[in-house]
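Colleague: Please find the sequence and the predicted model below.
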Amino acid sequence: MNQNRGSTIIEIRDLWYTYPGRAETTLKGIDLKIKEGEFVLLTGPTGCGKSTLLKTLNGIIPHESEGIFSGSIKISGIETVDSGQMELSKKAGLVFQSPDDQIFSTTVEDEVAFGPENLCMEREEIDKKVDDALKMVGMSGHRLDSTNSLSGGQKQRVCIASMLAMMPEILAMDEPVSQMDPAGTQEILNTVRELNRKQNITILLVEHRIHEIAPFADRVVIMDSGKIILDQPASKAFENLEVFHRLGLRVPEPVELCHTLGIKASPFSAEETFPLLNTGNFKEKIGDYPASPGRKEKTSSPGWSSENNEPLVSVRDLWSGYDKSRMVLKGINLEIHRGERVAVMGTNGSGKSTLLLNLAAMLRPYKGNVKIFGEDTKTKNPYSFAGRIGFVFQNPDLMLFCDSTEEEAKFGPARLKLDNIEERAKISLEAMSILNLRKDLPQSLSRGQRLRTAVASILSIDPILVLLDEPTTGQDRVNIEQMMDYFKTRGSTLVFCTHDIEIAMLYATRILVMNEGQIIADGRGRDVIKDIDILRKASLTQPPVVEIASYLGIDAFSITELVDGLIHRNPEIRIAEGIKC
Ligand SMILES: Nc1ncnc2c1ncn2[C@@H]1O[C@H](COP(=O)(O)OP(=O)(O)OP(=O)(O)O)[C@@H](O)[C@H]1O
Ligand SMILES: Nc1ncnc2c1ncn2[C@@H]1O[C@H](COP(=O)(O)OP(=O)(O)OP(=O)(O)O)[C@@H](O)[C@H]1O
């Protein structure tokens, strides 16, 4: 907990806001006070109004947006409606949800220097600010790079650096790490936490990855349908999980496990959980277990059978990139069979999106070859794969151009002259839980809703091969599970990039780990996850439940498996009723 709390720096009273042209009000009477130096995690289901609330802090709403606004927001005592945006943005820096909406300079250096230049700092000071900020986000080596050439996670780092270079009093961050690898996320959150502690910068951070952010926060605020429905210190917020389960929000695995086992505690990490498992009664019930975690086994072969099953995708010695002088992929060999769900994981910039672009025939090999459905992409027009491959970009906004979500879902089938277009659109919108938004303009939806619109737009063509670049970003748990369950139930062949190891473990039949343009592991999740060296190279860590299972000497990879293992060991163990695991 931050001890240097001062006076109230953000004071929101009875705030209501309705977007122009929308019948439903987005913010419905928000009351929120945040003290100087607090670190607040703001979360809630997709579309509940989190981004809208952040946009009121630096005056984007109401200054740049029409609509109906009432209530009061004071930043350091200044009423935002009465204040200029320039003045507000010096006080409250906003890291945008989508880096492409924030970045407008052509080079990384210019982007980060923009804020300090506007504050009329001396050249030398600006240089130092840029240097320091890039160092803090691990991007020192990219100072002169073109912003267009950055990967998704690298762009997010630059966005954070731009704000750090200005050092505002308040840092409002809208899913700032959603596309970042787990190790990078931890490093950046440590930096932000340090700035928060040492410089008393107030942090309001919006995220769905509650399990990763909660350990850094002083306070957890949950919104639902435009209202704040929970506001608690982080140490107390997880005492009752009912609200998290009801809203389909992510709970840190150790908390979920303790609640399931009836242990009254809310640890955020495996290390914090070990002593709880050592307490009297519980230890007796589950019997002896090794004192230290960490059984290590070698990664085994991929978990598919090639019997009678010609590969759908075959990649041989693939070298590819955006510039002949710098290859991104360096000798990839890979086969993917029908019905496999392959998660592609690895550090930011390791080449995951580049691999996916090759599988979509949108990039061609410089050397080697890629065969999709037995056809060599080098010799084919990329459009010849239309209708057979469905690709969703990391930034879904690049795919949305129609006037409604329904039109988006109909667009592909119409172009391909498929039958039952209405029915196809309806089924795909329903599968993504956005049928109620069918008449909405995609650009007026929340990020999670836009991503699901983009997925629906490819589902309606019923492709043979589905390629999704980070489909889990900015989504609440219930939506991620619903999307992934859909592919699983249909037996789709799916390749998806993700930094979310828990989701990869749950849904992928196979995990590919990339490092510096090469595949360094390829196998079943439960094998890959045991190889700590591989995980480290890919900036990944074991999910806490795997560490805890290992500590208890149980071979388990999910809470359900771990609890089953404990019951098997001692059937008398009582599991808390009604707990979802
Ligand atoms: N520019 C806009 N015009 C009209 N409606 C909008 C606009 N932006 C957002 N909305 C609507 O306001 C509601 C809240 O959106 P917002 O982006 O604030 O949600 P969110 O909680 O941040 O969601 P996510 O977690 O998906 O980012 C949604 O129903 C969305 O459709
Ligand atoms: N359009 C482009 N032009 C030039 N270089 C690019 C381009 N897109 C990506 N790169 C470079 O290729 C490398 C790999 O990028 P890629 O997007 O494939 O990584 P990634 O593993 O998907 O990263 P992330 O996890 O951040 O999305 C990065 O070093 C990036 O800078």
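Modeller: Ah, there it is. Numbers count the residues shown, from 1 in each chain. Ligands and ions are numbered 1, 2, ... in the order given.
Colleague: Residues of the stretch 151-300 of the chain that sit close to ligand 2?
Modeller: Where proximity means Cβ under 6 Å from any ligand atom, the interface of the stretch 151-300 of the chain facing ligand 2 comprises Ser151, Gly152, Gly153, Gln154, Gln179. All C-beta spots, glycine's among them, are computed from the backbone N, C-alpha and C.
Colleague: Just give me the closest of the residues you listed to Ile73.
Modeller: When those are compared for distance to Ile73 (Cβ to Cβ), Gln179 comes out closest, at 28.9 Å.
Colleague: Surely the closest one is in a helix?
Modeller: No. Looking at Gln179 with DSSP: H, G, I helix; E, B strand; the rest coil, it is coil, so not inside a helix.
Colleague: can you count the residues close to it?
Modeller: By other Cβ atoms under 10 Å, the residues close to Gln179 number 26.
Colleague: circling back to that earlier point, can you name the two of the residues of the stretch 151-300 of the chain next to ligand 2 that sit furthest apart?
Modeller: Gln154 and Gln179 (9.0 Å).
Colleague: Overlap of the contact sets of these two?
Modeller: Shared contacts of Gln154 and Gln179 (Cβ atoms under 8 Å, 6 or more residues apart in numbering): Asn348.
Colleague: Work out for me the element Tyr17 sits within.
Modeller: With elements delineated by DSSP states H and E, Tyr17 resides in strand 8-18, which encompasses its position.
Colleague: May I have that strand exported as CSV, CA atoms only?
Modeller: Extracted in CSV, the C-alpha atoms of strand 8-18 (Å, rounded to 0.1, in the frame of the first residue of the first chain):
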residue,chain,number,x,y,z
THR,A,8,-8.2,13.9,-3.5
ILE,A,9,-6.8,14.3,-7.0
ILE,A,10,-9.7,12.9,-9.0
GLU,A,11,-13.2,13.7,-7.8
ILE,A,12,-16.1,12.5,-10.0
ARG,A,13,-19.7,13.3,-8.8
ASP,A,14,-22.9,12.0,-10.4
LEU,A,15,-21.4,11.7,-13.8
TRP,A,16,-23.8,10.8,-16.7
TYR,A,17,-22.9,10.5,-20.3
THR,A,18,-24.7,9.4,-23.5
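Colleague: Okay, now the sheet partners of the helix or strand that comes right after that strand, with direction.
Modeller: Sequence order places strand 27-35 as the next helix or strand after strand 8-18, per DSSP H and E. Strand pairing for strand 27-35, determined by DSSP bridges: strand 8-18 (antiparallel).
Colleague: Show residues contacting the partner strand.
Modeller: The set of residues external to strand 8-18 that reach it, using Cβ under 8 Å, 6+ apart, is 24-36, 52-53, 56-57, 61-62, 67-76, 169-170, 202, 204.
Colleague: Is it positioned near ligand 1?
Modeller: No. Against ligand 1, strand 8-18 shows no contacts by Cβ under 6 Å from any ligand atom, the least distance being 8.8 Å.
Colleague: OK, contacts around the residue lying closest to Ile554 once chain neighbours are set aside?
Modeller: Using Cβ to Cβ, 6 or more residues apart in numbering and skipping the chain neighbours, the partner closest in space to Ile554 is Gly565 (3.8 Å). Under the criterion of Cβ under 8 Å, 6+ apart, the contact partners of Gly565 comprise Ala549, Leu552, Ile554, Asp555, Ala556.
Colleague: Tell me, how many residues neighbour the second one?
Modeller: By the measure other Cβ under 10 Å, the count of residues near Leu552 is 21.
Colleague: Which phi and psi values does it adopt?
Modeller: Backbone torsions for Leu552, taken as degrees, to the nearest 10, come to phi -90, psi 0.
Colleague: likewise the last one?
Modeller: With angles defined as degrees, to the nearest 10, Ala556 shows backbone torsions of phi -140, psi 150.
Colleague: Over to the third one?
Modeller: For Ile554, the backbone dihedrals are phi -120, psi 140 (criterion: degrees, to the nearest 10).
Colleague: coming back round to it: any idea how far the residue nearest to Ile554 is from ligand 2?
Modeller: The gap separating Gly565 from ligand 2 is 33 Å, by Cβ to the nearest ligand atom, to the nearest Å.
Colleague: Check which residues of whichever strand or helix holds Val112 are buried.
Modeller: Val112 belongs to helix 108-118 when elements are defined using DSSP H and E. Buried residues in helix 108-118, defined by neighbour count with 16 or more other Cβ atoms under 10 Å: Val108, Glu109, Glu111, Val112, Ala113, Phe114, Gly115, Pro116.
Colleague: so what secondary structure elements neighbour it?
Modeller: With contacts defined as 3 or more Cβ pairs under 8 Å, 6 or more residues apart in numbering; DSSP states H and E, the secondary structure elements packing on helix 108-118 are helix 123-136, helix 152-164.
Colleague: Comparing those helices, which comes out most buried?
Modeller: Ranked by average neighbour count under the criterion mean count of other Cβ atoms under 10 Å, the helices and strands packed on helix 108-118 are headed by helix 152-164 at a mean of 26.
Colleague: Give me the angle between that one and helix 123-136.
Modeller: What separates the directions of helix 152-164 and helix 123-136 is an angle of 140 degrees, with axes from the mean of the first three to the mean of the last three Cα atoms, to 10 degrees.
Colleague: Distance from the strand holding Tyr17 to the middle of the chain?
Modeller: How far strand 8-18 lies from its chain's middle: 27 Å, per Cα atoms, centre = their mean, to the nearest Å.
Colleague: If anything else comes up later, I'll come back, but that's it for now.
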